[in-house]
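Asks: Pasting the sequence and the predicted model now:
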Amino acid sequence: MKIINVNNKENNDSIILKEKDNWQNGNNKNEKDIEKDKKLHSNNNKSTENNDISIQGNIINFSDINFYERNIATATSNESTSSMEALSLHANTVSNNIVTNEFYNDGITSISENQNKIKYKLLDEGIINEGFSLDFNETIENIINNRIYIPSNIDIKDGDLYSVIHDKELRKKYFNPSEIKICPLLDDPIPEKYLPQTENYQTEIKILSEKINESKTTNYECYKYRAFLYLLIGDYKSAYRDFSDAIHYEKQNSDCYWYRHLLSLKFDKPSSAIKDLEYVTEYSDNNSLNFYVKSRLYEVLDNKKFAIYNYTCLIQIKPHMIDAYVHRGLLLEAQKQYSYALEDFKNVYQRDCNNIIAIRFLSIYYYKNNLYHDAIKAMSRWINIQPSNHKVYFLRGKAQTKLNMWTSAYEDFNNAIKLCPGNSKYYLYRGCIERNRNPTKAIEDFSISLLLDNSVKNLNAYFYRAFVYYTQNDNDYAFHDLNKIISLDNRNVIAYINLGIITLNRYNQLYEALDYFNHALECDPNNVQGYICRGNVYSRMYKQEINRKIASFNIYSIKFMQKKTTYLDRSIRDYSRAIHLNPSNFIYYLFRGRLLLQAMLTNEAKLDFCTAFELNASIAQTAIQKFLILSFQKKWEQIISEYKRTDIEIQNDSNIYIIISRAYKNINNLEKSLKVIEKGLIVDVSNENLYLEKGIILLAFNKFDEALNNLSKALSINPKLSSGYYYRSLCYFELGDIDASFEDISKAIKTDTFPFNAYLIRASIYNYKNLYSLGIEDCNEALKFESLSICGYLLRGSMRFKLKQYGLALNDFTMASFIDGKCYYAYFNRAITYQLIEEPENALKDFSSVLLLTDNPEAYKYRGLLYWQLGDFYNATVDLKKALETYKDDFELYCQYGLCLNDYKQYDKAIIAFNKAIELNRCNDSLFLNRGILYKKKKEFDKALKDFSKTLLLNPSNIDAYINIGYIYHKQKKYKKAMEMFSTAIIIKPENASALEGRAMLNYDLKNYFSALYDISHALELDFQNPQYHNNRGIIYKAMNDNMTALKCFKMAVYYDPNFYLAHYNIGNMYFIQKRYDKALISFNKVSIYLI
């Protein structure tokens, strides 16, 4: 039986049938079979389920859904629709902010910059290069590879590796005689216990060989003695072989491992040597020299990690061994573990302050990490040790330039030049220091640098000499040097930009300068200075065009020209690109804002000014300017505090009261806002903006009559005040005078130069009057002014929805969500539209998006119903439960929640939900019907009969109640009462297939087969594709001994539902009776498959 939704009365003709019989045994199926049957057919039987357990819900009624339409404007709006608040800077400020194209400067000069000018700074490639190294041959990596105590790239010959690893001088330097004695070399005396008894080595070798041949296992020590004899006669290969055999029989003999590792080095087998040294470490007590040898061996083999590990072990044994710290420090630096390397070299420096390697590392490390004071100290120590090293003077001079120590740096560069007069770089750096102090001397140094090296590697000398020429007004020489750079490097961006600046500023050739800037941006599309310079050129071209038009045409032709020209647009575009690349420079925003004002893009210009004020609040010079800036920044509290500290003369300016009033309004203090406006009216009774602002505030107080009077006064002073018509239209609308509201908003559209909001308000009025087509036209006009208006798209989409233009409505809601990804109205409306056009998956995504943005109970409600439609009963119950936290008095929602719990098989909770719904509405028959079905599922037939009786009391024509009562009486074997119920249902609605099927099965149990056949055949006429009806008719035919017809009926049931296992079972029984066992077996196998 089916629970009917309380809102869907049309479903009352759809009832569910009773249990089916197994015709073979003639008994009713047990509950387990019923449950299996329900599982197999729940997805196939749409109109009528197979048993009385199933419950169906209804499709959502969209006429009851609250459709979201964004409020277009309110009475508390802060801005007028007709004009913008004008931002006027003082004349001095404007003049100070003119773009000045200066020749590129570098970062070495100490001259401060004027923050009101755009400075083009050169990326200082020649002077302060952070990638500095001593020179190409003395990088840290080369220092490691070229250290004198560990040769690299060894040309291995016999014994070379052995002699490199076991350096006698280093052994004597770091190890005492006892340690050396324990770890001898090949040319050292052999251990006393292995000394031969006679000087006839060959004879003893022969004797030992005979013993070994007699028994290798008992005489294995002979291998060791013979190996040492081979060492004495210089037969290293035989000695290596005997040591290996001795180790085979005696694993823990460290002497054998030690000597074999020496021989492995002789034979250039470093891997074998390392393995032997590992055994020596394991079986020997003295590990210091062993770690030392392993460290050197790993270092030569360029295995830095193992070398570092063994040096660490060696330092733990010998913490005062300086060379170990040096080695490990260099290896750590090569591994780019600079902090650990720094600690090692600090230890070296503390123990030996004259260690050049440590001082060299510390100097470069401090320089690279911007620790210039420490770097200068280390370099000074370096110079004391090596006073003739010109590279150290040069490096210290560079460090001193970082600290603006120009005199000391100059002296260091002088010393470097004295020690190495052929290095062009030294002259370049000394010339850079002299650029401002002695330009003539700087030019001499740059020229000497170019005499020594005029290749592409020394382009900076050309550039800086051109810079000095430019500052001395020698433009032709500067131009020549920059062209020389281009000839050597035709993609040098800096040279192109500087050529453009010289051409623009000194020669006033706009088009030639534009070519240079275009070349620069072709080489580097991300160069900020290039875009700024080119934008300035376009701006000057635009001004020239304006002046030319003014000289020959009137003002109207200028406006026409502004629409046609592209110079201004190109200038704005270049400034926009510069801002994108450098968004923190407030000057760029100011100049782009001025250009936008020239292009009549007031809103965009206002945004740029606001951004510039955020980045630098010191721009404003007057109180009114400061208030306007703070209003752009929405710092309302600060505006109020500044106002309270202003002079009385300033407060006599009536316009300031409007700004202060809006500040109070924006902090939701409308009473203070109103008082401020009233003060302003005392100062100036003829200011229409004060009456307008007062009218807006009174609208917020819902004092519509007073607001109407003040707005009318404003319009009487200025009949062309479009914002007055705008707000008076809102006032008329609130007072219910729709015609007057429409008339005023139409006047606002005619008088406003930017009637965006006015069009949207009129569209809302059309929407209110159900004139959706006209409203859509006004939305179209509004979107022409603001193409990214969320309000416009939401309002137009809602009206298209009401006109059933669902595709266009979807486009509008999608556009609104694209403009503002956090606008949950757009997602909600789109979800409703998707569900109406039967795209539940998309609707589900949008409802989920709404809930990610806001905790909206309606979204929970409709998403829960969607989950229910899609068969996800768990999520449906979760969402509906969440919605019930808000809609606690919505009996319909409790009903839907109960339906979901029923489908989720939580019958007790479903009954509780229906109990709550009945408490809220005791006059709805469907609620009692549904609860009765739930009681029936739980076999609480008395409670079910009470609810069905209550249903009939409220609605005597409810056939579902009659059918359910009939099923209960049938189950209780009260056949007469059951027959009355089914017959009553059929009398009320003769075309009800469920009632006919129920009476048919009742007649079957009473063995009234012809009556049963009549009813089930009639039911099939109403629902011929119902497999259960075909199966039941087959059962009846079988009871009438018409086996052929019964088999056809069972086959028809399988035809309409191939997964209907009862029909397969009945077909198998029929074949079994006919002794067609092969086909019977096939049918029974299908039954077993479906029941697994």
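Replies: It's in.
Asks: and S686, that's in a helix?
Replies: No - counting by DSSP: H, G, I helix; E, B strand; the rest coil, S686 is not part of a helix but coil.
Asks: Surely it is in contact with I717?
Replies: Yes - using CB atoms under 8 Å, S686 is in contact with I717, at 6.5 Å. For the C-beta atoms, the positions are set from N, CA and C on the backbone; glycine is no exception.
Asks: between those two, which one's more packed in?
Replies: The residue with more neighbours, out of S686 and I717, is I717; 16 against 10, by other CB atoms under 10 Å.
Asks: Against L708, how distant is the closest residue to that one other than its chain neighbours?
Replies: Nearest non-adjacent residue to I717, counting by CB to CB, 6 or more residues apart in numbering: E688, 4.1 Å away. Separation of E688 from L708 (CB to CB, to the nearest Å) stands at 15 Å.
Asks: Now do the same contact list for the spatially closest residue to F413 that is not a sequence neighbour.
Replies: Of all residues not flanking F413 in the chain, R430 sits nearest, at 4.1 Å (CB to CB, 6+ apart). Neighbouring residues of R430 by CB atoms under 8 Å, 6 or more residues apart in numbering: Y410, F413, N414, I417, D445.
Asks: now R430: how far from Y464?
Replies: Relative to Y464, and taking CB to CB, R430 is found at 11 Å.
Asks: ditto for L1002
Replies: 110 Å.
Asks: ok, those two, which is more surrounded?
Replies: Between L1002 and Y464, counted using other CB under 10 Å, the more crowded position is Y464 (27 against 24).
Asks: Would you quantify the distance from the more buried one to L628?
Replies: 45 Å.
Asks: And V348, by the same measure?
Replies: 64 Å.
Asks: now E604
Replies: E604 sits 17 Å away from L628, going by CB to CB.
Asks: out of those two, which sits in the busier spot?
Replies: More neighbours surround L628 than the other of E604 and L628, with 24 against 17 (other CB under 10 Å).
Asks: my read: that one touches I659, true?
Replies: Yes - the pair L628 / I659 is scored as a contact, 7.0 Å apart, by CB under 8 Å.
Asks: Ramachandran angles for D855?
Replies: The phi and psi values for D855, taken as degrees, to the nearest 10, are phi -90, psi 80.
Asks: Count the residues that sit near it.
Replies: 12.
Asks: Likewise for the one 4 residues further on?
Replies: A859 is surrounded by 25 other residues when neighbours are defined as other CB under 10 Å.
Asks: cool, and K1007?
Replies: Count around K1007 with other CB under 10 Å applied: 9.
Asks: repeat for Y962
Replies: Neighbour tally, Y962, other CB under 10 Å: 28.
Asks: so is it in a helix, a strand, or just coil?
Replies: Going by three-state DSSP: Y962 is helix.
Asks: Would you check that it makes contact with I988?
Replies: Yes - at 7.4 Å, Y962 counts as touching I988 under the criterion of CB under 8 Å.
Asks: Relative to N414, how far out is the residue nearest to F413?
Replies: Counting by CB to CB - R430 and N414 are separated by 7 Å.
Asks: repeat for I190
Replies: If you go by CB to CB, the gap between I190 and N414 works out to 63 Å.
Asks: Helices of the stretch 201-350 of the chain, residue ranges please.
Replies: Applying DSSP state H, counting those that start in this stretch to the stretch 201-350 of the chain gives helices spanning 201-214, 221-233, 236-249, 254-266, 270-283, 288-300, 304-317, 322-334, 338-351.
Asks: Mind putting those helices into a markdown table with mean neighbour count, distance to M1070 and mean pLDDT?
Replies: Shown next, in a markdown table, are the helices of the stretch 201-350 of the chain (neighbours: other CB atoms under 10 Å; distance: least, CB to CB, whole Å; pLDDT from 0 to 100):
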| stretch | mean neighbour count | distance to M1070 | mean pLDDT |
| --- | --- | --- | --- |
| helix 201-214 | 14 | 96 | 79 |
| helix 221-233 | 21 | 94 | 81 |
| helix 236-249 | 19 | 86 | 82 |
| helix 254-266 | 24 | 91 | 82 |
| helix 270-283 | 18 | 84 | 79 |
| helix 288-300 | 23 | 88 | 80 |
| helix 304-317 | 18 | 82 | 83 |
| helix 322-334 | 23 | 89 | 84 |
| helix 338-351 | 17 | 89 | 83 |
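Asks: of all those helices, which lies closest to A495?
Replies: A495 lies closest, by CB to CB, to one member of the helices of the stretch 201-350 of the chain: helix 338-351, at 36.3 Å.
Asks: Determine the angle, from 0 to 180 degrees, between that closest one and helix 322-334.
Replies: Counting by axes from the mean of the first three to the mean of the last three CA atoms, to 10 degrees, helix 338-351 lies at 160 degrees to helix 322-334.
Asks: if we can go back for a sec, which element is the residue nearest to F413 on?
Replies: helix 424-437 (DSSP states H and E).
Asks: next SSE after that helix?
Replies: Next along the chain from helix 424-437, counting by DSSP H and E, comes helix 439-452.
Asks: For that following helix, buried residues please.
Replies: P439, A442, I443, E444, D445, F446, I448, S449, L450, L452 (16 or more other CB atoms under 10 Å).
Asks: does the fifth one really touch E434, like I thought?
Replies: The reference is to D445. Yes - using CB under 8 Å, D445 is in contact with E434, at 6.5 Å.
Asks: any idea how far T833 is from Y793?
Replies: 13 Å.
Asks: Find the residues that touch each one of the two.
Replies: Counting by CB under 8 Å, 6+ apart, the residues touching both T833 and Y793 are F813.
Asks: Comparing the two, which shows the higher neighbour count?
Replies: Y793 (29 against 26).
Asks: element containing the more buried one?
Replies: Assigned by DSSP H and E, Y793 falls in helix 790-802.
Asks: What of Y367?
Replies: Here Y367 is assigned to helix 356-368, by DSSP H and E.
Asks: residues of that helix that come out buried?
Replies: I357, A358, I359, R360, F361, L362, S363, I364, Y365, Y366, Y367.
Asks: Any stretches of the stretch 451-600 of the chain with poor pLDDT?
Replies: Low-confidence segments of the stretch 451-600 of the chain (pLDDT under 70): 546-547, 549-565.
Asks: Now do the helices in it.
Replies: For the stretch 451-600 of the chain, applying DSSP H, counting those that start in this stretch gives helices covering 459-471, 475-488, 493-505, 510-523, 528-552, 555-564, 567-581, 586-598.
Asks: Between those helices, which one is closest to F1010.
Replies: F1010 lies closest to helix 567-581 among the helices of the stretch 451-600 of the chain, at 88.8 Å (CB to CB).
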